[in-house]
Every structure is written in C-alpha cells, then in structure tokens.
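need a 3D model of the sequence below.
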Amino acid sequence: MRTAPIPVKHAVRFVKTYHRKLPHAHHRLWAVGLWVGRDLMGVALVGAPVARMLADTKQPGEDWPPPAETLEVVRVAVIEGVKNGCSMLYGAVSRAARAMGASNLLTYIEENEPGTTMKASGWVEDNGLFGGGQADRPSRPRKMRSSDDACKRRRFWAPWSIKAKEIKAKEIKSAL
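Residues are numbered from 1 along each chain as shown. Predicted coordinates for the structure are as follows:
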C-alpha cells in the first residue's frame, strides 16, 4: 500500500461511492489517495474547517484571505477490509498539512465511534461533543442530507497541532 496525491474531483467521486454514511464533503482543498498496486482503495479530503469559528477568514478591507493556519480532514473513505487504510491516510494528510505550514489539523468522528485509529496515531481528543445542531433558519433554509448530519461528534487534533498541545497542558495542570 502507498499514499499519493489525487485530484479532488476523483476523491469526491470515491467518497460518494464508498463512504458509509456521509457521501458529501464540502470545504475541500486537496486530497490524498491510498493505492494497493494500481487500485484506489481509499481517500482523505482536507479542507478549511467547516466550523466558522475555527476557520481563517478574510477580514473587511483585506484583498486576500489569511494563510490557512487550521485545516480539517473533512472526509476519509476506505474500501471495507483494507487493513490500516484509515491510519495510513490520516498519517499522510497530517504530514502533508504540517509540511505546508498549517498550525492545526483537526477531524471529527461520530460520538459512538471508538476512535481507535485516532488514539493509536496520537491524535488528541478535545473535551465535549460538537455539532449536531440544525442549520436550518427562517432566514436561510437548509435541508439536511441525512440523519447523520444531525449527530454529535467528537473532535480530535493532530498531535503536532498547537491546539493539541494546549489540551495536553490543561490536562497536566488539572492533574496536579
């Protein structure tokens, strides 16, 4: 098995075909694929954080948005039965994001998922549950694509992220 960059449009098509719950991925910037020989077995899509409070946004009067200091793994999809595929993809996107100069990399998993891959690769879990609210408002109606859109999620930060270091420091301080 090996990882390599893949065009986003091909990664999106793979996610639509193979992701078990959420076939749509927004805010995507780049993607990494997982191959066994010449067969594509998985993809990871990375983009701007979906949560607007975490996103690096352009301020009024600025011509260009600021550098993308925080990135989010918005989707990982691996064909069933590919051992360690998710771990390889998370490792590849983590190394790439860090090499590109990101200060933080995060991802979310559903609250009922065990998080084995995240914990095994050293990702740091944030306290609490996130998301799961209804985005529909009278001023901007939204239609949920699936019931999975409304579930709460656990947030994890890549081990080298500034936010991960802050969480670890808090845990150490509270343990004293």
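
do you know how far Leu176 is from Ala169?
Distance from Leu176 to Ala169, counting by CB to CB, to the nearest Å: 11 Å. Just so you know, the C-beta spots here come from the backbone N, C-alpha and C atoms, and that holds for glycine as well.

now do Arg153
Using CB to CB, we find Arg153 at a distance of 24 Å from Ala169.

now swap in Asp39 and tell me
On the measure of CB to CB, Asp39 and Ala169 end up 43 Å apart.

and what of Gly85?
32 Å.

looking at those two, which one has more neighbours?
For Gly85 versus Ala169, neighbours defined as other CB atoms under 10 Å are more numerous around Gly85 (23 against 10).

what sits against the more buried one?
Each residue near Gly85 by CB atoms under 8 Å, 6 or more residues apart in numbering is listed here: 1, 34, 41-42, 78-79.

looking at those residues, state which has the most neighbours.
Counting neighbours by other CB under 10 Å, Leu34 leads these with 27 neighbours.

are we agreed that that residue is in a strand?
Yes - counting by DSSP: H, G, I helix; E, B strand; the rest coil, Leu34 is part of a strand.
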